[in-house]
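K.L.:
Could you look at this predicted model? Sequence included:
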Amino acid sequence: MAESEFTKGVVRVVRSVPFGRVVSYGQVAVYLGFPRAARGVGWVLRQTKREELPWWRVVNNAGRISIKNWEHPAEEQRERLRSEGVEVGEDFSLEIEKYRFQAGEELLKSWGLPEEYVRMVGEKFRWGV
DNA sequence: ATAATGACATGTT
DNA sequence: TAACATGCCATTA
């Protein structure tokens, strides 16, 4: 099964999220150059199981673990996050703005995104500011 | 080509 | 606050 550019992009972005930080599905989509492909991101993470991909650092924009999958249960994601110092409640919620990772312009450009797009992201997608 | 599915996001009730 | 509805996108049937 051929790996699409979209999938490769998801892997690239998620791998850039640092230890102890999180991003939302929609955020990953924005960094990919597809501002509304949040569902596509979730789709990829459900399919892709690779060790070097820190899938547990992706949660929904409400600050909740959104997993419903047997391979990687919500409990496992919570444990992995807690082991990185992220406080996750019994209801699988966390303070997303406290842990959210925001990619800088240099990083976005290094991913080949157009300068104009990078500027737009800086203006319209600033979480927790 | 069309319809359906999902680890989403956002606005409206 | 929570349920519902609508919009989106990649992928599959």
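P.N.:
The structure has been received and is ready for your questions.

K.L.:
List, one by one, the residues from chain A near DNA strand C.
P.N.:
Where chain A comes near DNA strand C, counting by Cβ under 7 Å from any atom of the strand, the residues are A:1, A:4, A:6, A:7, A:34, A:36, A:37, A:38, A:39, A:40, A:43, A:44. Every residue, glycine included, has its C-beta placed from N, CA and C.

K.L.:
I'd like those residues as TSV, with distance to DNA strand B appended.
P.N.:
Converted to TSV, those look like this (distance: Cβ to the nearest atom of the strand, whole Å):
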residue	distance to DNA strand B
A:1	16
A:4	13
A:6	11
A:7	12
A:34	11
A:36	7
A:37	8
A:38	3
A:39	4
A:40	5
A:43	4
A:44	9
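
K.L.:
Of these, just the buried ones, PyMOL syntax please.
P.N.:
Buried residues within those, by 16 or more other Cβ atoms under 10 Å, are selected in PyMOL with:
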select buried, chain A and resi 6+7+37+38+40+44
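
K.L.:
residue boundaries of the strands in chain A?
P.N.:
A:23-24, A:58-59 (DSSP state E).

K.L.:
got a markdown table for these, with distance to residue A:79 too?
P.N.:
Conversion of these to a markdown table gives the following (distance: least, Cβ to Cβ, whole Å):
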| stretch | distance to residue A:79 |
| --- | --- |
| strand A:23-24 | 19 |
| strand A:58-59 | 14 |
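
K.L.:
And these: which comes nearest DNA strand B?
P.N.:
strand A:23-24 (3.5 Å; Cβ to the nearest atom of the strand).

K.L.:
need the residues of chain A near DNA strand B, please.
P.N.:
Residues of chain A lying near DNA strand B (Cβ under 7 Å from any atom of the strand): A:24-27, A:38-43, A:45-46, A:55-56, A:58, A:60-62, A:66-69, A:71-72, A:77.

K.L.:
Quick one: buried ones out of those?
P.N.:
Judged by 16+ other Cβ under 10 Å, buried ones among those: A:24-27, A:38, A:40-42, A:45, A:55-56, A:58, A:66-67, A:77.
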